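A.B. asks: Okay, here's the prediction I keep looking at, along with the sequence it came from:
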Amino acid sequence: MTGNEIRRKFLEYFERNGHKIVHSSPLLPANDPTLLFTNAGMNQFKDVFTGVEKRDYNRAVSSQKCIRAGGKHNDLDEVGKTARHHTFFEMLGNFSFGDYFKEDAIRFAWDFLVNELKLEESRLWFSVFEGDAEVPADDEARALWEKVGAKPERILGFGRKDNFWQMGDTGPCGPCSEIHYYMGEEPDNPEKNHPKWVNGEGDTTMEIWNLVFMQFERSEVEKGVFELKPLPAPSVDTGAGLERMTAVLQGVKTNYDTDLLMPIVEFSAQLSQKNES
Ligand code: SER
């Protein structure tokens, strides 16, 4: 499948499941002083999550253009060092605004990866929030991954840095659950396909999808003092890097080797006449 086909497959899968296809918003967010560049698919829906804005749909799907070169989600220091970070990328995402919550978010993600894309289950890992003083452990997400078919030993707990998502210092937020994919050889060899690579070093196991269970809004009640309040209705915000998903499905080692980016590399090489690889 080409990268364009993967994008289309994602949008059509969620459209079949009752989601409205929404265009990517611009890279410069409108009316949001908390953000310089759009950093996630959920940005354009921020006020829908908090209940300030109403739309005529409560499920959406998009492929959002994102820049992560500053602010809370800054990938700039990783670009050029890993096979999977970019300043600019596209984020595939499905969203529920007070409609479905954890159970369906997990069921859709499993169904899309395992039944639609036919990824090997033995390469998939799942992470859930292990809890802290502010928000309890997400035992529900763990149980729901097992319910759809994930093996218990492939579901790992992590702390706030990896498994609690917020777009900035303020705004809608919540615990999240990520799906990681092992790209190496011998997936059935536990010495190679090892849990230590999930959120660990290297690119062989990488995050491919993040499911955020939007439950709270963080606001600044006075300068430097933040408060976490429940959202009017629990919601879902997911994000899957199109370039990473494409690298997995095209069986290449870096995002730059996918058909989304290689033509740009080749064109630049041609222009600069530096096309020796
Ligand atoms: N907002 C979450 C993220 O950026 C899921 O889309 O990871």
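C.D. replies: Thanks, I have it. This one's a predicted model, so the numbers in the text were calculated from it and none came from an experiment. Numbering: from 1, shown residues only.
A.B. asks: Quick check on the closest residue to the ligand within the chain: phi, psi?
C.D. replies: Per Cβ to the nearest ligand atom, Gly239 is where the chain lies closest to the ligand, at 2.3 Å. C-beta: built from backbone N, CA, C; applies to glycine. Per-residue torsions, Gly239: phi -150, psi 130 (degrees, to the nearest 10).
A.B. asks: Touching, it and Gly93? I think so.
C.D. replies: Yes: using Cβ atoms under 8 Å, Gly239 makes contact with Gly93 at a distance of 4.8 Å.
A.B. asks: re the thing from before, if the residue of the chain closest to the ligand is in a bridge, with which residues?
C.D. replies: Asn210 (DSSP bridges).
A.B. asks: Let me see the contact set for it.
C.D. replies: With contact taken as Cβ atoms under 8 Å, 6 or more residues apart in numbering, Gly239 is in contact with 40-42, 91-93, 209-210, 212.
A.B. asks: Could you export the residues you listed as a markdown table, including pLDDT?
C.D. replies: Converted to a markdown table, these look like this (pLDDT from 0 to 100):
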| residue | pLDDT |
| --- | --- |
| Ala40 | 95 |
| Gly41 | 97 |
| Met42 | 95 |
| Met91 | 98 |
| Leu92 | 98 |
| Gly93 | 98 |
| Trp209 | 98 |
| Asn210 | 98 |
| Val212 | 98 |
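A.B. asks: I'd like to know which of those residues is nearest to Val148.
C.D. replies: Trp209 (13.7 Å; Cβ to Cβ).
A.B. asks: Grab the nearest non-local neighbour of the closest one.
C.D. replies: Ala240 (4.0 Å; Cβ to Cβ, 6 or more residues apart in numbering).
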